[in-house]
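S.K.: build me a model:
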Amino acid sequence: MSRHASKSGRTVVDEVVEGPSVITSDHVQDRVLSARAGAKKGWSRLAPYEKEFRRGSLVCKERCTGQVAAQEEEARARDRFAAARAFDEGWQICHVPFPPGIDFDRVKSSGGVPGAFVDHQRDAKDFWRRVEAAMGANDWLICRMVCGEGHSVAQAVMTVSPAYKFSTLARFREALDGLVDGMRRGRRAGRPLG
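M.R.: Next up, the predicted model:
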C-alpha cells in the first residue's frame with residue numbers, strides 16, 4: 001500500500017490487491033484489472049458447473065468408445081456447458097432487482113410506460129418458465145441448485161436424487177441434457193405462430 005498527497009492536500013491510498021484472501025481450486029486468474037501494460041489479471045471464482053467443465057466431468061467417458069463417439073460426446077459436453085451458462089445468466093437476470101437499490105417513489109417517467117425498463121426481465125422469466133415446464137422436476141431442481149444457486153454438484157444431486165450417491169456426475173450430466181432439450185422446446189414454444 002502506498003500513500004501520496006493529491007492536489008487538494010488529502011492523502012490518497014493506492015491499494016494493491018494480490019489475490020483473494022484464500023485461493024482455492026475454485027479460483028482462476030482470468031480478469032483484466034487495468035488496461036495499463038503489465039497489469040496482473042484479477043481473480044474470479046468459478047461456478048460449480050465451470051469447475052466441472054474444466055475438469056472434463058461434463059464428458060461421459062463411457063460413451064467415448066471411438067474417435068467419432070469421443071467427438072460427439074465432446075460436442076455434447078460443450079452444449080451442456082453452454083446451457084448451464086445460459087441458465088446462470090438467466091437466473092441472474094430473473095433474480096436480481098433492476099436497477100438494484102432504486103427507490104421507485106423517486107423514479108421519474110418522461111412519457112414512457114412506468115416499469116417498461118424491466119421488459120427483458122419479464123421475457124427472460126417467461127422463457128425460463130417454458131424451459132421448466134419442458135423439463136423433469138428433478139432435472140430442473142438440480143440445474144437450479146448448481147447453475148443458479150451455486151451449490152456443489154454432489155450436494156445438489158444428493159439433495160434431489162439420493163439414490164445417485166455414487167454417480168453424482170452422471171446424474172448432473174443427465175440433468176444438463178434435460179436442460180439442453182428443455183431450452184430447445186422453450187425456444188420453439190415461444191415463437192409466434194404465423
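
S.K.: CA only for contacts and neighbour counts going forward, please
M.R.: Will do.

S.K.: just the strands from this protein, written as ranges.
M.R.: Under the criterion DSSP state E, the chain carries strands at the ranges 2-5, 11-14, 27-32, 41-45.

S.K.: count the residues that sit near the nearest residue to A154 once chain neighbours are set aside.
M.R.: Using C-alpha to C-alpha, 6 or more residues apart in numbering and skipping residues adjacent in sequence, the residue nearest A154 is T168, 5.7 Å away. With neighbours defined by other C-alpha atoms under 10 Å, the count for T168 comes to 19.

S.K.: so what touches stretch 167-180?
M.R.: 57-58, 60, 79-80, 83-84, 131, 135-136, 138-140, 142-143, 153-154, 157-158, 164 (C-alpha atoms under 8 Å, 6 or more residues apart in numbering).

S.K.: which among the residues you listed end up buried?
M.R.: 57-58, 60, 79-80, 83-84, 131, 135, 139-140, 142-143, 153-154, 157-158, 164 (16 or more other C-alpha atoms under 10 Å).

S.K.: out of those residues, which are inside helices?
M.R.: 79-80, 83-84, 131, 139-140, 142-143, 153-154, 157-158 (DSSP state H).
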